[in-house]
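Q: Predicted model and sequence follow; I will ask about them next.
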Amino acid sequence: MQHKVTVVGAGNVGATTAQRIAEQDLADVVMVDVAADLATGKALDMMEAAPVLGWNAQITGGGDYAPTAGSDVCVVTAGLARKPGMSRDDLLQKNTEILTEVVRQLVEHSPETILIIVTNPLDAMCEVARRISKFPRERVFGMAGVLDSARMRYFIASELKVSVEDVDAFVLGGHGDTMVPMPRYATVAGVPLPQLLPADRIEAINQRTRNGGAEIVNYYKTGSAYYAPSAAVVDMVAAILLDKKKILPCAVRLEGEYGIDDLFVGVPVKLGRKGVEEVIQLRLLPEEKTELNKSAEAVRDLVKSLKV
Ligand code: TXD
């Protein structure tokens, strides 16, 4: 039987995610958006590409949650972007309201689903989704690390003029300015990055990675990145649906790992059909641990002001 994936929010990230899933014939896709016609129209537009490109998945879209029933995976991209005059805290409260309603609906129609949260502020929205869904951490987690790591991998590959396929890298921590790129664990065809680049060039790559989202926003002026973010989501969706047991950095609720408890933080996990099947513990140097703790504290501050 074909898998079913719901994508809430048919905006830039949501629609591109739906498109990528269909083009890979990974699953049928249901898009839901408060802007119901937008979701319906984008779904139809994508379906009309299917005969040309030759994929067989079904995409539907609208404002109703009934068609989402029995979804294997639900991706939540619904939310507002920060508008002029809006504080980060205003955004936090507004997107908390949106997530609360969206997750309630998703869980009602698909009680066994796996929730992948994308909406910012990412780590705090994961906590909102967890509180509303009451899902175990295996089935509610967020996308950020795959994107941040992909950016780092690209920057390394272009600096060294090698194939992106040869480059592996990890970024830990919250999805924000305090994220922790881990060059010590980055490799190029198996060779550790510190053997290939001097420290100052590695630090420049780390800094560009931390600034990766803002760099794109500066070009787009309105709106933020969505090609790489949607690709990152689909990597996670495929790992789950195809039970790959793939190790990917995700925002997952730590329960004592890395010395952090009861908080969503980006760390490598094993993704398979059950969702997060294992939290991978890396051995960190004291300075890396300090950075990770700092990043976790930034997430904790946000979570403290949640009103759910
Ligand atoms: O790494 C990451 N996690 C991220 C996060 C990478 C990229 C984008 N990131 C965040 O995802 C971004 O900061 C936003 O919070 C979300 C979605 O980004 P996108 O670029 O797709 O935003 P859009 O294009 O504005 O789309 C949001 C859609 C839009 O169509 C709204 O009508 C819809 O969300 N929306 C809703 N849908 C359903 N239900 C409700 N309540 C709702 N409210 C808004």
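A: Perfect, I can see it now. Worth saying up front: this structure is predicted, and the values here are computed from it rather than measured.

Q: so where's the stretch 101-250 of the chain uncertain?
A: Scanning the stretch 101-250 of the chain for pLDDT under 70 picks out nothing.

Q: The ligand contacts on the protein?
A: 8-14, 32-35, 77-79, 81, 98, 101-102, 118-120, 122, 143-144, 147, 175, 223-226, 229 (Cβ under 6 Å from any ligand atom). All C-beta spots, glycine's among them, are computed from the backbone N, C-alpha and C.

Q: and Met182, how many neighbours does it have?
A: For Met182, the neighbour count with other Cβ atoms under 10 Å is 23.

Q: from memory it sits against Ala169, does it?
A: Yes: if you go by Cβ atoms under 8 Å, Met182 and Ala169 touch, sitting 7.2 Å apart.

Q: returning to that earlier point: which of the residues of the chain next to the ligand are buried?
A: Using 16 or more other Cβ atoms under 10 Å as the burial test, these include 8-14, 32-33, 77-79, 98, 102, 118-120, 122, 143-144, 147, 175, 225-226, 229 as buried.

Q: show me where this protein has strands.
A: 4-8, 28-32, 59-62, 73-76, 114-117, 140-142, 167-168, 171-172, 180-181, 187-188, 191-192, 246-255, 261-272, 275-279 (DSSP state E).

Q: Neighbouring strands of the fifth one in the sheet, and parallel or not?
A: Here the strand partners of strand 114-117, with direction, are listed using DSSP bridges: strand 73-76 (parallel), strand 140-142 (parallel).

Q: Serialize these to TSV and add fields for mean neighbour count.
A: As requested, the strands paired with strand 114-117 are arranged in TSV below (neighbours: other Cβ atoms under 10 Å):
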stretch	mean neighbour count
strand 73-76	28
strand 140-142	29
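
Q: Which single residue in the stretch 201-308 of the chain comes nearest to the ligand?
A: The ligand sits closest to Pro229 of the stretch 201-308 of the chain, with a gap of 3.7 Å, by Cβ to the nearest ligand atom.
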